[in-house]
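Q: I'll drop the sequence and a predicted model, then ask my questions.
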Amino acid sequence: MTFEEYQKKSRKTALYPKVGTSFVYPTLGLAGEAGEVVEKVKKIFRDDNGKVTVSKKEEIKKELGDVLWYLSQVATEFGLSFAVIAKTNLDKLRSRVERGRLQGSGDNR
C-alpha cells in the first residue's frame, strides 16, 4: 500500500466533528494516541524490565496504527499528501546530513 492509498482509504472512516473543515479534533487525537504509544513503552520498562514481548509489540503496532490514522486526517485537513510530506522530510534530513547539521536543535538548522 502506498502513502496515497492509505490516506484515501483512511479518510473514508473519518467520523468526527467538522470533518473537512477543522484540523482541531484530529490534532488532539494525534497527541492522545502518541501519548498511548509512550505509555506502552513506559510500561515495558516498568513491568517487563525493558523486554519487548510479542504481545507488547502487537499492542504498540495497534497504537502506531492509530497515530498513523490521526496523522493522515491532520494532513488531509491541511490539504497535504503523505507522499509530499514524506519527500519533504527526507529532503530536509538529506540537506542536514550534507551540511553536517543532523544533530543539534532548531527547525531550520
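A: All right, it came through fine. Residues are numbered from 1 along each chain as shown.
Q: Quick one: the helices in the chain, in order.
A: In the chain, the segments counted as helices under DSSP state H are 3-11, 24-48, 54-77, 82-98.
Q: Just say which of these is most tucked in.
A: helix 54-77 (a mean of 16; mean count of other Cβ atoms under 10 Å). Every C-beta, even on glycine, is put in place using the N, C-alpha and C of the backbone.
Q: and that helix, what's its mean pLDDT?
A: Mean pLDDT, helix 54-77: 98.
Q: packing partners for that helix?
A: Helix 54-77 sits against helix 3-11, helix 24-48, helix 82-98, with contacts defined as 3 or more Cβ pairs under 8 Å, 6 or more residues apart in numbering; DSSP states H and E.
Q: try 6 Å this time
A: For helix 54-77, the elements it packs on are helix 3-11, helix 24-48, judged by 3 or more Cβ pairs under 6 Å, 6 or more residues apart in numbering; DSSP states H and E.
Q: could you redo those as JSON lines and give each row distance to residue 70 and mean pLDDT?
A: Below are the helices and strands packed on helix 54-77 laid out as JSON lines (distance: least, Cβ to Cβ, whole Å; pLDDT from 0 to 100):
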{"stretch": "helix 3-11", "distance to residue 70": "9", "mean pLDDT": "96"}
{"stretch": "helix 24-48", "distance to residue 70": "4", "mean pLDDT": "97"}
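Q: TSV please, covering the helices of the chain and showing distance to residue 105.
A: Converted to TSV, the helices of the chain look like this (distance: least, Cβ to Cβ, whole Å):
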stretch	distance to residue 105
helix 3-11	28
helix 24-48	20
helix 54-77	23
helix 82-98	12
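Q: how much space between residue 89 and residue 82?
A: The gap separating residue 89 from residue 82 is 10 Å, by Cβ to Cβ, to the nearest Å.
Q: list the contacts for the nearest residue to residue 73 once chain neighbours are set aside?
A: Leaving aside its chain neighbours, residue 73 sits nearest to residue 26 (3.7 Å; criterion: Cβ to Cβ, 6 or more residues apart in numbering). The contact partners of residue 26, by Cβ atoms under 6 Å, 6 or more residues apart in numbering, come to 70, 73-74.
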